[in-house]
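Q: got a sequence here, can you build the structure:
(2 chains)
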Amino acid sequence: MWRQAYWDEPLITEYKGKGRQGFLVPKENIEAEIKLPEKIRRGREPELPEVSELEVVRHFIRLSQMSFGVDTGMMPLGSCTMKYNPKIEEETGVFERTHPLQDQDTVQGNLEVMYEMQRWLAEATGMDECSLQVPAGSAGELAGVLMIRKYHREQNRRRGEMLVADSAHGTNPASAAMAGFSVIYIKSNQEGLVDLDVLKGTISENVAGFMLTNPNTLGLFEENIKEIADLVHSVDGVLYYDGANLNGILGIVRPGDMGFDIVHLNLHKTFGVPHGGGGPGAGAVCAKGKMVEYLPYPVVVKGDRYSLVKPERSIGKISVFNGNFGNLMRSYAYILGLGGKGVSMIGKMSTLATNYLIAKLRGVKGLELMAPHRFRKHEVVFSAKKLAEETGVTAFDVAKALLDRGFYAPTIYFPPNVEEALMIEPTETEPVEVLDQFAEAIKEIVEKAYINPSAITSTPQNTAVGRLDQVKANHPSTVTPTYRVLRSRLPNQGRK
Amino acid sequence: MDNHPWLPNISRIQDMLREIGVEEIDELFQDVPEDLILRRELKVGYDSPLSEEEIRWRLGQVAERNLKLKYPPFLGAGAYPHSIPSVIKFILSRSEFYTAYTPYQPEVNQGLLQALFEYQSLMAELLEMDVVNSSHYDWGGSLAEAVLMAHRINGRRKVVVPESINPLHEQVLRTWISGKELEVVKVPTGKDGKVDLDFLSSLNPDEISSVYVQQPNFFGVVETELEYVTEWARKNNVVSIVGVSPLSLGLIKSPGELGFDIAVGDGQELGIPLNFGGPYSGILATRMDMKLVRQMPGRIVGMTQDVNGKRGFTLILQTREQFARREKATSNITTNEALMALANAVYLSLLGRNGIKELAIEIYKRSHYALKRMEDEELGTRKWESDFFEEFTFVFRSDYDRIHSELLKRGIHGGLKLGPREALFCVTEVHTKRAIDDLVNAIKEVV
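A: Residues are numbered from 1 along each chain as shown, chains lettered A, B, ... in the order given. Reported below is the predicted structural model:
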């Protein structure tokens, strides 16, 4: 049986050492007096630990043993595309030492990689050009909606409304709001697709654009995409593609061919960059036709050498330098390793995995599927509403019970148009035997829920700790965001 | 293709299709309009998969096209060459961290959560601020988020920034606030290279939402009157924001001690390679005042207990975030720079209380040594008499372009050009005395 390690490991700030140091600071024999005026010198030494190199290493290795990644076990997180990250990606370290403000002539190799990535990502999405400025997906969305905003301004009109599907990722409305738009939700129909009648009734000269992901967050392909694009374009609106779900159709159908004008990509989802415990990722924002000139700068162009340029009507910079270049390199290695042939298979193989898992889980008591006759693409959303009603075991409990069985949990309670949602994305990199084991785990949990629900609601037991006290974590009188705050509450506020 | 190490199910396609009850994979895409289907392979990569050996070869080929420098570049301006302990790469490569997702399932991610809590805690000690979130993309992004946070707090529409702000940070800021149509007001640089406080106090504060200063400023100059800025802000209900080089805090007064409401900066200096511009790690910190904390963007890890009373960690105050609040969220940020924040935590643990001070002093000394050598050799003059940290602006006797290209011929990358004869030089602990002497001697030959 799987059990996670548990170390009763203190905080590094609680180590008791004195006078130790884990790194030798390089020193030169230089006679120079510190002339900074006393009044701007630091008053108190920072309360940082005094520990040796071994203590630091052992501390963080122990913490790593109380964590879980794709390399540990399957992570079926819907809309997160937790695929395997090939290790060859780590052989890109030689590029780490280049400074972003070096003369362009001295970094032609870096620029060549950026240029190739721009070309390849434009090809994969059916767009004309890409900017690699955006360090992550939501920054790509912000760039995209700011491009839409600027486009309309330059047509001398203020368009205040941004349409968003009700099943959209939360980042879509949040990005639209950051760009100053008011958000209008487009309700899904009974099949889980954009309701064309609702869209027809909503579209107007106030609409700046429509943010959509296809396949949507139910894993369903928006089969009316051409009509949707025509409707949005009929008022000169801009159709925006949220690339978070590209994995299910990569190599089959391209956003540009569907009628999208702007696309953002998450290279940490679709193109193999590791998630790093929440980041860093890497992104791209790509555009077609008239929208290309609005891309964030710089963009790499190729003449007799590679150079960084600013598109004519660029919205500006999104990150300080060249986006997350280190992760572009990883993604570059990933694409080389798959080649055009391999990348073209991703959509097929991930969709195959999803529908295989559905076949394995179809008919499990208590779990329901909206529009059950439709094939899913990258992901599938089951509703555990019936299970919750009949046994008291919720989607939350199922997630925790999966942790006890050595699987990471699916995304839960999302999308909002499915009650008790369990959103599962297997990806193309999980071997079929693991998909079988995962399906068996779900079946076993559900069976147990009908016999002895408390055996499920008391999970997890095999993880480093059990369920956490969220009230204590969030209550203003007990909320503890740093050790500094904890220390201030200690009786004698002891400094070292 | 019958086999690929990253696509394990190619050999099982028929079995899987049988289970689903279809004959061909294409049937799974029957809902995609026929005429939209791409009937060719994507032209990405080099057609066929490359083996590891071939990938290595290609990476080597590309690396060859970069100029091999004799020393780390004498370039800063927001990204600084520093010595990176080998422990960091080792710990960051631990798969349990490296391939983890955002720790939304706390029970199985205690280690990652504790490590991020430690990042927040160590950064809080360095800044002497109470609350630190678990990272933004970079300094510019943090600054933009801080300015938007201030706007949510007081609803005003103007942000005051100095001329001595890093111009790239300002460009990022302007992009991010363009949607909310906030206005940037600039404060000139005084004759001493510091922010002109008389100009600041002459501004009508009524419409000002926040005031930002950078320490040390873009020109390397250490600002000496920042208490004045925080007092002016407090008096006028303006949110005060400071951007700091975290390593300078081994020597220089912290944002907390100066009384700032929000501190931002980049963790790049604390154990993150130059990476040609990213990934870095945006720092964002504030005081323990719920009025500020509730408007904070980004993820925060907090300490609590589990059902058995064991100490535990979890993401807190999540009702601020996009997945919970959608268009009413404090930010759209989702993916952040968690692994880079972890690098910062390991770095601060290794250097510790004493190392951080030693290192700041060493950087101070080396940068001053470089300036002194340039002055002694009469290559030109420093632009400002005011004291500096890590970077200084130098005005050469002759055109900088020529100096720069002559340096490159010798494998040395000089500073960032700021004017026809002016450049911003960065000198840190990675620049040995010999490297500095080499730089100065090379300039002497051509100036």
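
Q: buried residues in the helix or strand harbouring residue B:292?
A: If you go by DSSP states H and E, residue B:292 is part of helix B:290-293. Residues of helix B:290-293 classed as buried by neighbour count (16 or more other Cβ atoms under 10 Å in any protein chain shown): B:292, B:293. Placement of C-beta: from N, CA and C, glycine included.

Q: starting at the chain centroid, how far to it?
A: Remark: helix B:290-293 is offset 24 Å from the chain centroid, using Cα atoms, centre = their mean, to the nearest Å.

Q: what comes into contact with the very next helix or strand once past it?
A: Following helix B:290-293 in sequence order, the next helix or strand is strand B:300-305 (DSSP H and E). For strand B:300-305, the external contacting residues (Cβ atoms under 8 Å, 6 or more residues apart in numbering or on different chains) are A:468-470, A:472-474, A:478-481, A:486, B:103, B:113, B:116-117, B:120, B:131, B:133-134, B:311-317.

Q: emit the ChimeraX select command for whichever of these are buried.
A: Buried residues within the contacts of strand B:300-305, by 16+ other Cβ under 10 Å, are selected in ChimeraX with:
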select /A:468,469,472,473,474,479,480,481,486 /B:103,113,116,117,120,131,133,134,312,313,314,315,316,317
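
Q: not counting sequence-adjacent ones, nearest residue to residue 175?
A: Since you didn't name a chain, this refers to chain A. Leaving aside its chain neighbours, residue A:175 sits nearest to residue A:141 (3.7 Å; criterion: Cβ to Cβ, 6 or more residues apart in numbering or on different chains).

Q: could you do chain B instead?
A: Nearest to residue B:175 is residue A:316, by Cβ to Cβ, 6+ apart, at 3.3 Å.

Q: tell me if I am right that the residue nearest to residue A:175 is in a strand.
A: No. Secondary structure of residue A:141 (DSSP: H, G, I helix; E, B strand; the rest coil): helix, not part of a strand.

Q: and for it, the neighbour number?
A: 31 (other Cβ atoms under 10 Å in any protein chain shown).

Q: off-centre distance for the longest helix along chain A?
A: Using DSSP state H, we find that the single longest helix of chain A is helix A:325-361. Centroid separation between helix A:325-361 and its chain, computed with Cα atoms, centre = their mean, is 16 Å.

Q: and it, anywhere near chain B?
A: Yes. On the criterion Cβ under 8 Å from any Cβ of the partner chain, helix A:325-361 is in touch with chain B at A:325-327, A:329, A:333, A:335-345, A:348-349, A:351-353, A:355-356, A:358-360.

Q: what pairs with the helix or strand just after that helix, and is each one parallel or antiparallel?
A: Sequence order places strand A:368-369 as the next helix or strand after helix A:325-361, per DSSP H and E. Take DSSP bridges as the rule and strand A:368-369 pairs in its sheet with strand A:380-383 (antiparallel).

Q: which residues are contacting the partner strand?
A: Strand A:380-383 has contacts (Cβ under 8 Å, 6+ apart) with A:78, A:217-219, A:354, A:357-358, A:361, A:367-370, A:415, A:418-425.

Q: hmm, back to that, mind checking which of the contacts of strand B:300-305 are in helices?
A: A:470, A:472, A:473, A:474, A:486, B:113, B:116, B:117, B:120.

Q: quick one: residues contacting the residue lying closest to the fifth one once chain neighbours are set aside.
A: To tie it back to what came earlier, the one meant is residue A:486. Spatial nearest neighbour of residue A:486, excluding adjacent residues (Cβ to Cβ, 6+ apart): residue A:480 at 5.1 Å. Applying Cβ under 8 Å, 6+ apart, we find residue A:480 in contact with A:473, A:486, A:489, B:302, B:303, B:304.

Q: which outside residues touch stretch B:18-37?
A: For stretch B:18-37, using Cβ under 8 Å, 6+ apart, the contacting residues are A:220-221, A:223, A:225-226, A:249, A:252-253, A:257-258, A:348, A:351-352, A:355-356, A:358-360, A:374-375, A:377, B:13, B:17.

Q: pull out the buried residues from stretch B:161-181.
A: By 16+ other Cβ under 10 Å, the buried positions in stretch B:161-181 come out as B:161-166, B:168-179.

Q: residues touching residue B:152, list them.
A: Under the criterion of Cβ under 8 Å, 6+ apart, the neighbours of residue B:152 are B:295, B:330.

Q: from residue B:291, how far off is it?
A: Residue B:152 sits at a distance of 10 Å from residue B:291 (criterion: Cβ to Cβ, to the nearest Å).

Q: cool, residue B:42 as well?
A: Distance from residue B:42 to residue B:291, counting by Cβ to Cβ: 51 Å.

Q: and residue B:54, by the same measure?
A: According to Cβ to Cβ, residue B:54 and residue B:291 sit 57 Å apart.

Q: so residue A:301 sits right up against residue A:311, yeah?
A: No. Using Cβ atoms under 8 Å, residue A:301 makes no contact with residue A:311, being 9.9 Å away.

Q: tell me which of these two has more neighbours.
A: More crowded of residue A:301 and residue A:311, by other Cβ under 10 Å: residue A:311, with 20 against 15.

Q: which SS class is the more buried one?
A: Once three-state DSSP is applied, residue A:311 turns out coil.

Q: enumerate every residue touching the residue in chain B positioned nearest to chain A.
A: Closest approach between chain B and chain A, counting by Cβ to the nearest Cβ: residue B:277, at 2.6 Å. Going by Cβ under 8 Å, 6+ apart, residue B:277 touches A:100, A:319, A:320, A:321, A:322, A:323, A:325, B:79.

Q: so for the most centrally placed residue in chain A, what's the nearest residue that isn't a sequence neighbour?
A: Taking Cα atoms, centre = their mean, the centroid of chain A lies closest to residue A:80, which sits 5.5 Å from it. Spatially, and ignoring its direct neighbours in sequence, residue A:80 is nearest to residue B:101 (5.9 Å; Cβ to Cβ, 6+ apart).

Q: what sits against residue 177?
A: Going with chain A. A:183, B:327, B:328, B:329, B:332.

Q: I was thinking of chain B, sorry if that wasn't clear
A: Residue B:177 neighbours (Cβ under 8 Å, 6+ apart): B:144, B:147, B:148, B:151, B:159, B:184.

Q: wait, the fourth one touches residue B:209, no?
A: Yes. Applying Cβ under 8 Å as the test, residue B:151 and residue B:209 come out as touching, 5.1 Å apart.

Q: which of those two has more neighbours?
A: Each of residue B:151 and residue B:209 has its neighbours counted (other Cβ under 10 Å); residue B:209 has more, 23 against 20.

Q: neighbours around the residue nearest to that one when sequence neighbours are not counted, how many?
A: Spatial nearest neighbour of residue B:209, chain neighbours left out: residue B:156 (3.7 Å); criterion: Cβ to Cβ, 6+ apart. Look at residue B:156: counted by other Cβ under 10 Å, it has 19 neighbours.

Q: so where is chain B shaky, pLDDT-wise?
A: Along chain B, the model assigns pLDDT under 70 to no residue.

Q: correction: the previous question concerned the stretch 301-450 of chain A.
A: In the stretch 301-450 of chain A, no residues with pLDDT under 70.

Q: of all of it, which residue lies closest to chain B?
A: Closest point on the stretch 301-450 of chain A to chain B, by Cβ to the nearest Cβ, is residue A:321, at 2.6 Å.

Q: which strands and helices lie in contact with the longest helix seen in chain B?
A: Ranked by number of residues, the top helix in chain B under DSSP H is helix B:338-376. For helix B:338-376, the elements it packs on are helix A:53-65, helix B:86-92, helix B:95-98, helix B:110-127, strand B:380-382, strand B:391-396, strand B:422-426, helix B:433-446, judged by 3 or more Cβ pairs under 8 Å, 6 or more residues apart in numbering or on different chains; DSSP states H and E.

Q: angle of it against strand B:422-426?
A: Angle of helix B:338-376 versus strand B:422-426, following axes from the mean of the first three to the mean of the last three Cα atoms, to 10 degrees, is 120 degrees.
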